[in-house]
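[1] based on what follows, work out the 3D shape:
(2 chains)
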Amino acid sequence: MDQALMAILESFKYPVYRQGSLSDSDPYPETFITFWCNASPDHSHYDNSEFGTAWDYGVYVYSSIPERCYTLTANVRTVLKASGWIVPSQGFDVTSDEASHIGRGLECYYLDTPDAKSDT
Amino acid sequence: MGSKGKDLNMALSGLEELAERLQDIGGDLKKAMTDVLDDFADTIQADTEKAMQNQNLPAKGEYSHGATKQSIIHDPKVSWQGPVASVGVGFDKTKPGAAGWLITGTPRQKPVMELQRIFGGWAGGRAGHTGQNKYIKDLAFDAKQIMLDHIEEAMEGKK
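    I've put the predicted structure just below:
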């Protein structure tokens, strides 16, 4: 699922990283996106076997241009929802390591079930 | 709404049926729901304190004491506004501290998984998403036991 999410995030043509992967000496790009897989529990069980996976991700947008941060967050949400993701809010503020940047976060969920695959 | 921490949402599957059952037999639903939220708040407070004692926290445990630890909400009170009960849990957003980024991480700092386990995925829960935070689902199991205790108590009182 990481690859599928990264493909969507990279379509915005900004650098994409895993949350926490920049070192202390890495400079922040002007605008960039990070993500983190919070959990991936089984969606449900039938006949002692798991039925699909409920993917739970955090997606975070950082920018030194506040307006772009908000716009890009909204656009990421729109595209993720169009791709079958559940993104239940407009986002929330997240802390930036650099005072020059602001950050916005989205909670993103994807139900990866056999039914979902057959629909695509 | 209006509490300093996260607001617990009581729309947990299975509870509504038990609440209706309790009302039907003349039980004290307000007291039962207050007990449920008190139990939630106690459990989350204890688990948050445990997570914050973890010496694997970043910066050599710097955030396991000081302002961040002091921002943990202690002994919150359940409040009622009409039919809606709420209780603030977790970290007090009005106090300084690092709680926010310990949960979400930053580009240079990975999230603290034990806090993420407790506080991650709450928006999904509010949206009724089936991938709702497992921690909250486990709390919901406890809530059902409390509701069943109140139902049993109400039935005993009728005998």
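
[2] quick one, phi/psi of residue 40?
    Because you didn't say which chain, this covers chain A. The phi/psi pair for A:Ser40 (degrees, to the nearest 10) reads phi -150, psi 60.

[3] chain B: strands as residue ranges?
    Using DSSP state E, the strands of chain B run over B:6-7, B:79-81, B:84-86, B:88-89.

[4] looking at those strands, which is buried most?
    Comparing the strands of chain B by mean neighbour count (mean count of other Cβ atoms under 10 Å in any protein chain shown), strand B:88-89 ranks first with a mean of 22. All C-beta atoms are positioned from the backbone trio N, CA, C, and that covers glycine.

[5] show me what that strand packs onto, helices and strands only.
    Where contact means 3 or more Cβ pairs under 8 Å, 6 or more residues apart in numbering or on different chains; DSSP states H and E, strand B:88-89 is packed against strand B:6-7, helix B:29-52.

[6] mind putting those in TSV, distance to chain A and mean pLDDT included?
    Shown next, in TSV, are the helices and strands packed on strand B:88-89 (distance: least, Cβ to the nearest Cβ, whole Å; pLDDT from 0 to 100):
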stretch	distance to chain A	mean pLDDT
strand B:6-7	11	58
helix B:29-52	15	89
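
[7] report how many residues lie close to residue 16.
    If you meant another chain, say so; for now it's chain A. By other Cβ atoms under 10 Å in any protein chain shown, 18 other residues sit near A:Val16.

[8] that was the other one, I meant chain B.
    Neighbour count of B:Glu16, defined by other Cβ under 10 Å: 11.

[9] what pLDDT is listed against it?
    Looking at B:Glu16, its pLDDT reads 81.

[10] circling back: distance to B:Ile25 added to the strands of chain B, as CSV?
    Below are these laid out as CSV (distance: least, Cβ to Cβ, whole Å):
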stretch, distance to B:Ile25
strand B:6-7, 29
strand B:79-81, 22
strand B:84-86, 20
strand B:88-89, 30
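
[11] got the contact list for the closest residue to B:Asp47 other than its chain neighbours?
    Excluding the flanking residues, the one nearest B:Asp47 by Cβ to Cβ, 6 or more residues apart in numbering or on different chains is B:Ile118, at 5.7 Å. By Cβ atoms under 8 Å, 6 or more residues apart in numbering or on different chains, the residues touching B:Ile118 are B:Ile44, B:Asp47, B:Thr48, B:Ala51, B:Gly90, B:Asn133, B:Tyr135.
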